[in-house]
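# Here's my sequence, what's the structure:
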Amino acid sequence: MATYDFIFNGLGLREWCDKDATTGPMSMADLLAQGSGGGAGPSVWELPFPSLDALNEACPAIARTRDLTKGVETSFLDIKDTLKIVLDPITQPLSWFLEGALYAFQNTPWFIMIPILLAVVYFASKSMKLVGFVAFSILFLAFIDHYNFAMQTLAIIFVCAFLCVLLGVPIGIAMSRSDTMQRLTIPVLDMLQTLPPFVYLIPLIFLFSVTEPKLYGIAIILYAIVPVIRLTDLGIRLVDKEVIEAAEAFGMTDRQKLYGVQIPLALPNIMAGVNQTIMMSLAMVVIASLVSAPGLGVLVLRGIRNLELGVGLIAGLGIVLLAVILDRVTKAALARVNAASAAQRNS
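Model (predicted):
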């Protein structure tokens, strides 16, 4: 006798429950229970939670947990082909951007690529100390033959972080200008932010070939776009109301207020979102190595698969160096933006 038989018997649903029951050889437990008259059943302390599987034992007409998961899988597979037809042309440019960036970063000679990177660092930070640290880190990675892997990782981050900003800032602006848009978008952002990184890869593997760069590109963008959207929305909403009223008093239109007042004053928050987006892109690049994303993550994955401790630790050190470089550069740029904003407010 199943634990929850008394519920369905008491409700008079036994006939409905047994109509789909399959007849077959009884298990030894069922035979013993039948021979002992069903027994007294479990005590209150041993009573299992009335989950789908527990209720299915008493009433076969109720679906089991595996039926639920199978239904989700079947539903997704039924619409997979349609989704692929719609998404393939939309996402194909992402593959082209990633392939182009990987080609450029890998095939540009090191004696040209490294000075370009150092020039970008100096332009963003105006700090020779930071330029020296970046030069030392890149040369160290090149010295241990990790230069190409590091350039692959930087190329992917460059494309994905750029697209996150390109898409995320307008979404954040739209959220800041419409409470309805904010209410509709926040649950989606919450889901994207709390969903485990590996889960992003599961539906994408069914939709795209593992050899297509857009597979890992979409996963990285979905994972990393949340901070720049949230902080853009927050930054614009935090602009002082008195400043907005003063702009309106000067006869500014909504567009002029947005580009001339709100975005400049919200720039520190937007830059903080860009910093977090870059860091999350780097974290996802390592995980995306499971689906053929090139870069230092491949070496980490190799170290795990083959139990090569040294390979994994040295690749991990390279990732740490890239993370420190990207974090320091974006924070230095953020500090310059904050200083410029403070000077603008004081003037």
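# Which parts of the stretch 51-200 of the chain are helices?
Counting by DSSP state H, counting those that start in this stretch, the stretch 51-200 of the chain forms helices over residues 52-58, 65-107, 110-125, 128-143, 147-177, 179-194, 197-207, given from the N-terminal end onward.
# Looking at these, which one is packed in the most?
helix 147-177 (a mean of 21; mean count of other Cβ atoms under 10 Å). Backbone N, C-alpha and C define where each C-beta goes, glycine included.
# ok now that one, how far from the chain's centre?
For helix 147-177, the distance from its own C-alpha centre to the chain's C-alpha centre is 12 Å (Cα atoms, centre = their mean, to the nearest Å).
# Likewise for stretch 106-116?
30 Å.
# As PDB, could you dump the C-alpha coordinates of it?
What follows is the C-alpha trace of stretch 106-116 in PDB, where atoms were taken according to Å, rounded to 0.1, in the frame of the first residue of the first chain:
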ATOM      1  CA  GLN A 106      46.300  36.400 -33.300                       C
ATOM      2  CA  ASN A 107      47.800  37.400 -36.700                       C
ATOM      3  CA  THR A 108      49.000  40.900 -35.800                       C
ATOM      4  CA  PRO A 109      52.700  40.600 -34.900                       C
ATOM      5  CA  TRP A 110      53.500  40.800 -31.200                       C
ATOM      6  CA  PHE A 111      55.800  43.800 -31.700                       C
ATOM      7  CA  ILE A 112      52.800  45.700 -33.100                       C
ATOM      8  CA  MET A 113      50.000  44.300 -30.900                       C
ATOM      9  CA  ILE A 114      51.700  44.900 -27.600                       C
ATOM     10  CA  PRO A 115      52.400  48.600 -28.300                       C
ATOM     11  CA  ILE A 116      48.800  49.000 -29.400                       C
END
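# Residue 291: how many residues sit nearby?
The tally of other residues near residue 291 (other Cβ atoms under 10 Å) stands at 18.
# Distance check, it against residue 160.
Remark: distance between residue 291 and residue 160 (Cβ to Cβ, to the nearest Å) = 14 Å.
# hang on, the earlier thing: would you turn the helices of the stretch 51-200 of the chain into TSV with mean pLDDT?
Below are those laid out as TSV (pLDDT from 0 to 100):
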stretch	mean pLDDT
helix 52-58	84
helix 65-107	91
helix 110-125	94
helix 128-143	95
helix 147-177	95
helix 179-194	93
helix 197-207	86
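# Any chance of those helices in CSV with distance to residue 242 as columns?
Converted to CSV, the helices of the stretch 51-200 of the chain look like this (distance: least, Cβ to Cβ, whole Å):
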stretch, distance to residue 242
helix 52-58, 57
helix 65-107, 42
helix 110-125, 32
helix 128-143, 37
helix 147-177, 17
helix 179-194, 21
helix 197-207, 42
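# Please name whichever of these is nearest to residue 330.
helix 110-125 (7.7 Å; Cβ to Cβ).
# So which elements touch the closest one?
With contacts defined as 3 or more Cβ pairs under 8 Å, 6 or more residues apart in numbering; DSSP states H and E, the packing partners of helix 110-125 are helix 128-143, helix 309-346.
# between it and helix 65-107, how big is the angle?
Between the direction of helix 110-125 and that of helix 65-107, the angle (axes from the mean of the first three to the mean of the last three Cα atoms, to 10 degrees) works out to 110 degrees.
# now the angle from helix 110-125 to helix 147-177?
For helix 110-125 against helix 147-177, the angle by the same axes, to 10 degrees is 30 degrees.
# picking up where we left off before, out of the helices of the stretch 51-200 of the chain, which gets nearest to residue 337?
Across those, the minimum distance to residue 337, taken as Cβ to Cβ, is reached by helix 110-125, at 10.2 Å.
# Check which helix or strand the residue sitting nearest the centre point of the chain maps to.
Central residue check for the chain by Cα atoms, centre = their mean: the C-alpha nearest the mean position is that of residue 223, 1.5 Å away. Residue 223 belongs to helix 213-224 when elements are defined using DSSP states H and E.
# Can you show me the CA trace of that helix as PDB?
Listed next in PDB are the C-alpha coordinates belonging to helix 213-224 (Å, rounded to 0.1, in the frame of the first residue of the first chain):
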ATOM      1  CA  PRO A 213      31.600  31.100 -32.400                       C
ATOM      2  CA  LYS A 214      28.200  32.500 -31.800                       C
ATOM      3  CA  LEU A 215      27.400  29.600 -29.500                       C
ATOM      4  CA  TYR A 216      29.800  30.800 -26.800                       C
ATOM      5  CA  GLY A 217      29.400  34.500 -27.800                       C
ATOM      6  CA  ILE A 218      25.600  34.500 -27.000                       C
ATOM      7  CA  ALA A 219      26.300  32.700 -23.700                       C
ATOM      8  CA  ILE A 220      28.900  35.300 -22.700                       C
ATOM      9  CA  ILE A 221      26.700  38.300 -23.700                       C
ATOM     10  CA  LEU A 222      23.600  36.900 -21.900                       C
ATOM     11  CA  TYR A 223      25.700  36.300 -18.800                       C
ATOM     12  CA  ALA A 224      27.600  39.600 -18.800                       C
END
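# For that helix, name the packing helices and strands.
The criterion is 3+ Cβ pairs under 8 Å, 6+ apart, and the helices and strands that helix 213-224 contacts are helix 65-107, helix 147-177, helix 197-207, helix 263-287.
# Now do that helix: distance to the chain's middle.
Once both centres are worked out by Cα atoms, centre = their mean, helix 213-224 turns out to sit 8 Å from its chain's centre.
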